[in-house]
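Student: Pasting the sequence and the predicted coordinates here, then a few questions.
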Amino acid sequence: MTTQASPLPRHVAIIMDGNGRWAKQHKIKIALGHRTGVEALRAIIRESSDLGIEALSLYAFSTENWKRDPAEVEALMGLLLEFFTSEIDELDEKNVCIRILGDKDGMPEKQRQALINAETRTQSNTGLHLNIAINYGGRAELARAARILAEKALRGEIKPEEITEQALSDALYTRGLPDVDLLIRTSGEMRLSNFLLFQCAYAEFLFPTVLWPDFSLEDYHQALDAFARRDRRYGGRNS
Ligand code: FPP
């Protein structure tokens, strides 16, 4: 197992930003920028699993990304399908438990099947919880959770006063997982872009300027070191 400064975050979330700019810098097609981004994410998943991080959440495709050029959307859909087909054996072997955050029903049929298959096949694995946000939006996730709770209340299964923070948390895609401890967004942009709004309430944020395809294991270790040095107070005071 790799050594790393402690404490380690239990849950790391990453907004993998900058594939487009990277492609532009290298004067290549955007699709190739995303493909190189997938290489970076494969290395980060493996490292997170080897370090013993409990949960890793990656923002792969937002509900807003459908607005992009159809050729780019098609390239991303192709990469997703390829990823879930080619990586599943290794991830399963590494005891990784895959969960999709987002609306799978809004995905093209082939991709939808591949996502369901990845979740079903790895659901009893006890290693890294790998959450991949696809067709995901944080506000939509909260609205969905409210609907789930409202339906339970209508059926008489819960009382309105039982709608607590915990009940809301349990109605999110990330139910059962710890809150996000560390959120990394590459490329220097400093926005949350509708990612894990509830789960990031007490997260530490890091915004390295490196573009995602260039995000290396060294960059990841630096981020984890920076996290270990942060003073987390959760609204209280450390004397
Ligand atoms: C942001 O870069 C990145 C995305 C919108 C997609 C991220 C997707 C991948 C890394 C590949 C697909 C994922 C999996 C799990 C196979 P950008 O295009 O917004 O970059 P820019 O801001 O420089 O244009």
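Tutor: Right, received. Where do you want to start?

Student: For the ligand, give me its nearest residue in the chain.
Tutor: residue 20 (2.3 Å; C-beta to the nearest ligand atom). C-beta: built from backbone N, CA, C; applies to glycine.

Student: where's the nearest residue to that residue once chain neighbours are set aside relative to residue 83, distance?
Tutor: In space, residue 20 comes closest to residue 30 once its chain neighbours are excluded; the distance is 5.4 Å by C-beta to C-beta, 6 or more residues apart in numbering. Taking C-beta to C-beta, to the nearest Å as the measure, residue 30 falls 17 Å from residue 83.

Student: Ok, residue 134 next?
Tutor: 10 Å.

Student: So between those two, which is more surrounded?
Tutor: Using other C-beta atoms under 10 Å as the criterion, residue 134 and residue 83 rank with residue 134 on top: 26 against 18.

Student: quick one: secondary structure of that one?
Tutor: strand (DSSP: H, G, I helix; E, B strand; the rest coil).

Student: Count the residues that sit near residue 235.
Tutor: Residue 235, neighbours per other C-beta under 10 Å, totals 5.

Student: part of a strand, is it?
Tutor: No: assigned with three-state DSSP, residue 235 falls outside any strand and is coil.

Student: And the helices in this protein?
Tutor: Secondary structure of the chain (DSSP state H): helices at 19-25, 30-51, 70-86, 88-93, 109-122, 138-154, 165-170, 217-229.

Student: Can you convert those helices into a markdown table and add a column each for distance to residue 186 and mean pLDDT?
Tutor: Output for the helices of the chain, formatted as a markdown table (distance: least, C-beta to C-beta, whole Å; pLDDT from 0 to 100):
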| stretch | distance to residue 186 | mean pLDDT |
| --- | --- | --- |
| helix 19-25 | 9 | 98 |
| helix 30-51 | 9 | 98 |
| helix 70-86 | 17 | 97 |
| helix 88-93 | 22 | 97 |
| helix 109-122 | 24 | 98 |
| helix 138-154 | 19 | 98 |
| helix 165-170 | 27 | 98 |
| helix 217-229 | 8 | 97 |
